[in-house]
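Asks: Build the 3D model from these lines:
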Amino acid sequence: MKGIVYKSTGSWYKVKNNDGNIIVCRLKGKLRVKGLKVTNPVSVGDVVDFEMEPQKKTGIISKINTRKNYLIRKSVNLSKQYHIIASNIDQAVLIATITQPETLNEFIDRFLVSVTAYGIPAVILVNKIDLCKDAQLKQLAEWETIYNNADYKILPISVEKGTNLDEVKDLFRDKTTVLSGNSGVGKSSLLKKLLPNEEISIKEISEIHKQGVHTTTFAEMYDLSGGGRLIDTPGIRGIGVVDIAPDELSNFFPEFLRLKSHCKFNNCVHINEPNCAVKTALEQGDLSFSRYNSYLSIFNDNKRENYR
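Replies: Numbering: from 1, shown residues only. Now for the predicted structure:
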């Protein structure tokens, strides 16, 4: 039998079969250690083959079907291993906020590089626009300029006031979407709007630090009433950009990639090389300094990782 993994809780997996029934499954022993460099060989979104255990209501996963794509991050405790966040994704949506709390540009850029590197289209939802004053609205306009120039869609919303939520529903329709965001941005509140019949935990923003509290422990997939599936990912403070060579990193900054062919050297990494089209565009104000600073930060992180 075939099914799709809807939730992983470590050693057990909730698999939805072709009849729409959830079967709790475990992994066949030898699959668990078969040369895998990840902490979780099965992830939410995986299409798997499984068999029912004799005289039991549980199943055993015997095969993980080929993934069309996936998202991974570094394992928290095992720096040499990775954790698969989700697989078989049509789009990745990041919820960000300009205030209460403020999402850092570098957090956004690391997320975008991660998903772009695995061929996953990305969209940024900017929540809590109802709380934005003039300074925050100016920053919103800057974000729109920066990320539209990088070919990413950015949509201002207010989950609290219902602003642009119909557009969000249209965005998710008939697609498998990964939903992510730093803590406190309103991800759980949006889920409650989209999935009113599910039990979604919401915790208040810390008044001291204006930061949220993570409420998701394991990734989980939900069916949307209008069609499509939504994967809720655990709140993570930073996404590891992995398996990207330093000289390939600029390929995942679309606005850099457009200029790369105009650089003097075809292996230009846009740092110290002469006649670099990216640095020229930066000096002329055609590229964002915040995006370039994120590029340098990720470049140096990956360079250190390659020499470990």
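Asks: When you work out contacts or count neighbours from here on, use the C-alpha atoms and nothing else.
Replies: OK.
Asks: Which parts of the stretch 1-150 of the chain are helices?
Replies: 29-32, 105-117, 134-149 (DSSP state H, counting those that start in this stretch).
Asks: now those in a markdown table, with mean neighbour count and mean pLDDT?
Replies: Formatted as a markdown table, the helices of the stretch 1-150 of the chain follow (neighbours: other Cα atoms under 10 Å; pLDDT from 0 to 100):
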| stretch | mean neighbour count | mean pLDDT |
| --- | --- | --- |
| helix 29-32 | 12 | 66 |
| helix 105-117 | 21 | 93 |
| helix 134-149 | 15 | 97 |
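Asks: Can you lay out these as TSV showing distance to residue 270?
Replies: Converted to TSV, the helices of the stretch 1-150 of the chain look like this (distance: least, Cα to Cα, whole Å):
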stretch	distance to residue 270
helix 29-32	42
helix 105-117	17
helix 134-149	18
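Asks: right, and the ones you listed - which one's nearest residue 269?
Replies: When the helices of the stretch 1-150 of the chain are compared by Cα to Cα, helix 105-117 sits nearest residue 269, at 15.6 Å.
Asks: Hey, what's the angle from that closest one to helix 134-149? Just curious.
Replies: 20 degrees (axes from the mean of the first three to the mean of the last three Cα atoms, to 10 degrees).
Asks: Looking at stretch 291-306 now, give me its mean pLDDT.
Replies: On average, the pLDDT along stretch 291-306 is 85.
Asks: buried ones in it?
Replies: Neighbour-count burial for stretch 291-306 flags 291, 292, 294, 295, 296, 298, 299, 302 (criterion: 16 or more other Cα atoms under 10 Å).
Asks: so which of the helices of the stretch 1-150 of the chain comes closest to residue 69?
Replies: helix 105-117 (9.6 Å).
Asks: for the closest one, packing partners?
Replies: Applying 3 or more Cα pairs under 8 Å, 6 or more residues apart in numbering; DSSP states H and E, one finds that helix 105-117 makes contact with strand 91-97, strand 122-127, helix 289-306.
Asks: Show residues contacting the longest one.
Replies: With contact meaning Cα atoms under 8 Å, 6 or more residues apart in numbering, helix 289-306 is reached by 105-106, 109-110, 146, 241-242, 244-246, 249-250, 282.
Asks: Can I get it in PDB, CA atoms only?
Replies: The C-alpha coordinates for helix 289-306 follow below in PDB (Å, rounded to 0.1, in the frame of the first residue of the first chain):
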ATOM      1  CA  PHE A 289      23.100  46.300   0.700                       C
ATOM      2  CA  SER A 290      21.100  44.100   3.100                       C
ATOM      3  CA  ARG A 291      20.900  41.300   0.600                       C
ATOM      4  CA  TYR A 292      24.600  41.600  -0.100                       C
ATOM      5  CA  ASN A 293      25.500  41.500   3.600                       C
ATOM      6  CA  SER A 294      23.400  38.400   4.000                       C
ATOM      7  CA  TYR A 295      25.200  36.900   1.000                       C
ATOM      8  CA  LEU A 296      28.600  37.600   2.700                       C
ATOM      9  CA  SER A 297      27.400  36.100   6.000                       C
ATOM     10  CA  ILE A 298      26.200  32.900   4.400                       C
ATOM     11  CA  PHE A 299      29.300  32.800   2.100                       C
ATOM     12  CA  ASN A 300      31.600  32.900   5.100                       C
ATOM     13  CA  ASP A 301      29.600  30.400   7.100                       C
ATOM     14  CA  ASN A 302      29.700  27.900   4.200                       C
ATOM     15  CA  LYS A 303      33.400  28.500   3.600                       C
ATOM     16  CA  ARG A 304      34.100  27.700   7.300                       C
ATOM     17  CA  GLU A 305      31.900  24.600   7.000                       C
ATOM     18  CA  ASN A 306      33.800  23.300   3.900                       C
END
